[in-house]
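In: Predicted model and sequence below, questions to follow.
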Amino acid sequence: MQKNTLTRFLLVVALFLGQFTFASDTEKEVGEHDKDLKTEIKEYITHHLQDAHDFSLFSYTKENGEHKYVGFSLPVILWDDGLRVFSSSKFHHGETLAEVDGNHYKLYHSKIYKTDAEGTIHYDEEHHATNVKPIDFSITKNVVMIIITGLLMLWLFTSLARSYAKNNGVPTGAGRFFEPIVLYIRDDIARPNIGEKRYKKYMPFLLTIFFFIWFLNMFGLTPLGINVTGNIAITVSLAVMTFLITNFTGTKDYWMHQFDPLGKSLPWYGKIPLYIILVPIELLGLIIKPFSLLIRLYANMQAGHIVLMSLIGLMFIFKSWLGSPLSFGLAFAISLIEILVALLQAYIFTMLSALYFGFASEEHEHDHEHEAEVAH
Amino acid sequence: MEKLLEEFSLGLFFWQTVLFGLLLFLMWKFAWKPILNAINDREDGIKNALDAAEDAKREMQNVTADSEKLLKEARAEREAMLKEAREIKDKIVADAKDQAQVEGDKMVKQAQATIESEKNAAVAEIKTQVANLSVDIAEKIIKGELSDKKKQLKLVDDMLGDIKLN
């Protein structure tokens, strides 16, 4: 028991002190720890990758088997025939039911389900819970991280902006580090992809999205167990914004290209058979572009976290003088790569967004030439 | 795909969209606009300064070229002046030589003429003097000869004898 507790504690510390909520069924099998360790690590990783309703910094297991959590609870906001707001502490990390206004809610695999007073979860054949899920507008851990990142960005960049005014156009402090990045996004992402004339109106979005993704990626590498950019809802939201901006700022040429890709090169009767295939493909392309964005960011961040945590978990599975240092070394190397990936993914998202904006705001040069000829 | 849909949380999507929208707006207003403007202003300033430096350089080059040109002109002028002076000098010397020649010739001729006339005068004088002397001598001789009778007779005889001979 002593050894088991110690192992668990080390695991918890090493797994970057995330949250440690055991599903109730594994908790009952604590005795068979050898087989259990792999399952435990797997569940720990799965749990870490998901959003959480409370912000635990780390947790550990006391000798009597009781779990202790260090962190703070967050507000849960549910829409279930009216707004229900209560603290996530009521769930006790999924261990108890929360009773609010006569309704019972259970936290099961990081999701809130409406249950009866006993907390029964009904399953379908594929072991999916079939209970009613109220719409969950909770301020979750990820929402808190978004707010923190937003405040950090506001603080960093408004102070950079102020330092320009104060210092006659010369940045000071952290601005010296961030200004070249801002310039890089302007000169090497926005300008070449969107064009000298139109890049300015896209700059705020590109800059915001770059630093937002980058900072959140970097937060994901801290030992706080944060995985915001590896969450599908976040990447969907970001990609939807790119999609909306692309299509709302699209020029006439852009829409002409969508619905009339061949232009004047073919008479209308020749186009009909081709366009039955071409136009749907073009329209599909509209959706695929942001879809690739959201999947790329999601998958990269998710995969990075899984690989890193698995390597750390391997240390506890090997338990040998050769294997553990090896997986430690690997984990260290992967961490370094992940720092690069964090920047790279932010860059790619921004770069591709800029590319799509460039497509959308492009005005074809040959059309102007043609108009000029007509004018003559 | 099913797992993705399962993972998708509408609440998180909602918060992310709202918060990101808000962040975008605030950053736009209070960070990116002043930052990009400041950077633009600074770049314009740098560009202007560079242009001004370029202008100044060009101006400088012009000035240098001008002064070089002036120097060249001055040198050429000096050269020309020196050449002219030399020519004038040569001409003066040549003229002087010619004139001296002519003057010399003239003086020699005059001298010769004077010498000639002096000589003629001297010869004429000598001739008169010789004639006078001869007459005087002849008078004296004749006076001596004719002082006594005998001698006169003898003279007559001699003269007669000469005549016969002729």
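Out: Right, received. Where do you want to start? Residues are numbered from 1 along each chain as shown, chains lettered A, B, ... in the order given.

In: model confidence over stretch A:358-365, on average?
Out: Confidence for stretch A:358-365, expressed as mean pLDDT, is 78.

In: Residues touching that stretch, excluding its own?
Out: A:193, A:194, A:195, A:198, A:202, A:246, A:247, A:249, A:250, A:251, A:253, A:254 (Cβ atoms under 8 Å, 6 or more residues apart in numbering or on different chains). Any C-beta I mention is one placed from the backbone N, CA and C, and that applies to glycine too.

In: Where do the helices of the stretch 101-250 of chain A begin and end?
Out: Secondary structure of the stretch 101-250 of chain A (DSSP state H, counting those that start in this stretch): helices at A:141-166, A:175-184, A:191-194, A:203-220, A:232-248.

In: Run the chain-centre distance for the shortest one.
Out: Averaging C-alpha positions (Cα atoms, centre = their mean, to the nearest Å) puts helix A:191-194 26 Å from its chain's average.

In: Equivalent analysis for stretch A:204-220, please.
Out: Stretch A:204-220 has its C-alpha centroid displaced from the chain centroid by 11 Å (Cα atoms, centre = their mean).

In: buried sites along it?
Out: Across stretch A:204-220, burial judged by 16 or more other Cβ atoms under 10 Å in any protein chain shown covers A:204-220.

In: Kindly report the same for stretch A:161-178.
Out: Residues of stretch A:161-178 classed as buried: A:161, A:162, A:163, A:164, A:169, A:171, A:175, A:178 (neighbour count, 16+ other Cβ under 10 Å).

In: what residue ranges in the chain are flagged as low confidence?
Out: With no chain named, the answer covers chain A. By pLDDT under 70, the low-scoring segments of chain A are A:1-35, A:65, A:364-376.

In: ah, no, chain B please
Out: Looking at chain B by pLDDT under 70, you get B:1, B:164-166.

In: Tell me the helix or strand right after whichever strand or helix holds residue B:35.
Out: Element membership of residue B:35, judged by DSSP states H and E, is helix B:33-145. On the C-terminal side of helix B:33-145, the closest following helix or strand by DSSP H and E is helix B:149-165.

In: in that following helix, what's buried?
Out: Buried residues in helix B:149-165 (16+ other Cβ under 10 Å): none.

In: contact partners of it?
Out: B:145, B:146.

In: Report the angle between it and helix B:33-145.
Out: For helix B:149-165 against helix B:33-145, the angle by axes from the mean of the first three to the mean of the last three Cα atoms, to 10 degrees is 110 degrees.

In: how far out from the middle of the chain is helix B:149-165?
Out: Its chain's average C-alpha position is 96 Å from that of helix B:149-165, according to Cα atoms, centre = their mean.

In: Please apply the same query to stretch A:273-285.
Out: Distance, centroid of stretch A:273-285 to centroid of chain: 32 Å (Cα atoms, centre = their mean).

In: then that stretch to CSV, C-alphas only?
Out: Extracted in CSV, the C-alpha atoms of stretch A:273-285 (Å, rounded to 0.1, in the frame of the first residue of the first chain):
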residue,chain,number,x,y,z
PRO,A,273,-21.7,19.6,-67.8
LEU,A,274,-18.4,20.7,-66.2
TYR,A,275,-20.0,22.9,-63.6
ILE,A,276,-22.2,20.1,-62.3
ILE,A,277,-18.9,18.7,-60.9
LEU,A,278,-16.7,21.8,-60.6
VAL,A,279,-19.0,24.1,-58.6
PRO,A,280,-19.8,21.6,-55.8
ILE,A,281,-16.0,20.9,-55.6
GLU,A,282,-15.3,24.6,-55.3
LEU,A,283,-18.0,25.0,-52.7
LEU,A,284,-16.7,22.0,-50.8
GLY,A,285,-13.3,23.6,-50.9
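
In: can you pull the buried residues of that stretch?
Out: Neighbour-count burial for stretch A:273-285, counted by 16+ other Cβ under 10 Å, picks out A:275, A:278.

In: Report the central residue of chain A.
Out: In chain A, the centroid-proximal residue (Cα atoms, centre = their mean) is residue A:229; its distance is 1.8 Å.

In: Look up how far chain B lies from it.
Out: Using Cβ to the nearest Cβ, to the nearest Å, one obtains 10 Å as the distance from residue A:229 to chain B.

In: who touches that residue in this structure?
Out: Contact analysis of residue A:229 by Cβ under 8 Å, 6+ apart lists A:213, A:216, A:217, A:220, A:235, A:297, A:298, A:301, A:345.

In: just the strands in the stretch 1-150 of chain A please.
Out: Residue ranges of the strands in the stretch 1-150 of chain A, as given by DSSP state E, counting those that start in this stretch, are A:54-61, A:67-73, A:75-79, A:83-87, A:98-100, A:103-108, A:111-115, A:135-136.

In: I figured residue A:79 hits residue A:133, correct?
Out: No. In this structure residue A:79 lies outside contact range of residue A:133 using Cβ atoms under 8 Å: 10.8 Å.

In: Around residue A:195, how many other residues sit close by?
Out: 14 (other Cβ atoms under 10 Å in any protein chain shown).

In: thinking again about what came up before, out of the buried residues of stretch A:161-178, the closest to residue B:22 would be?
Out: Minimum distance to residue B:22 across these is 17.8 Å, recorded for residue A:161 (Cβ to Cβ).

In: Count the neighbours of the closest residue to residue A:287 other than its chain neighbours for me.
Out: In this structure, residue A:287 finds its nearest non-sequential neighbour in residue A:243, 7.8 Å apart by Cβ to Cβ, 6 or more residues apart in numbering or on different chains. Neighbour count for residue A:243, taken as other Cβ under 10 Å: 19.

In: so what's residue A:243 up against?
Out: Contacts of residue A:243 were listed using Cβ under 8 Å, 6+ apart, and they are A:286, A:287, A:289, A:290.

In: tell me which of those is nearest to chain B?
Out: residue A:290 (13.9 Å; Cβ to the nearest Cβ).

In: near chain A, which residues of chain B?
Out: Listed as neighbours of chain A in chain B under the rule Cβ under 8 Å from any Cβ of the partner chain: B:4, B:6-17, B:19-20, B:22-24, B:26-28, B:30-36, B:38-39, B:41-42, B:45.

In: Just the buried residues out of those, in ChimeraX syntax.
Out: Those of the residues of chain B next to chain A that count as buried under 16+ other Cβ under 10 Å are selected in ChimeraX with:
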select /B:7,9,11,12,13,14,15,16,17,19,20,23,24,26,27,31,32,34,35,36,38,39
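
In: Surely residue B:45 touches residue A:168?
Out: No. The criterion here is Cβ under 8 Å, and residue B:45 misses it with residue A:168 at 9.6 Å.

In: Now for residue A:85: which residues touch it?
Out: Listed by Cβ under 8 Å, 6+ apart, the contact set of residue A:85 reads A:75, A:76, A:77, A:78.

In: rerun at 6 Å
Out: Contacts for residue A:85 were tallied using Cβ atoms under 6 Å, 6 or more residues apart in numbering or on different chains; they are residue A:77.
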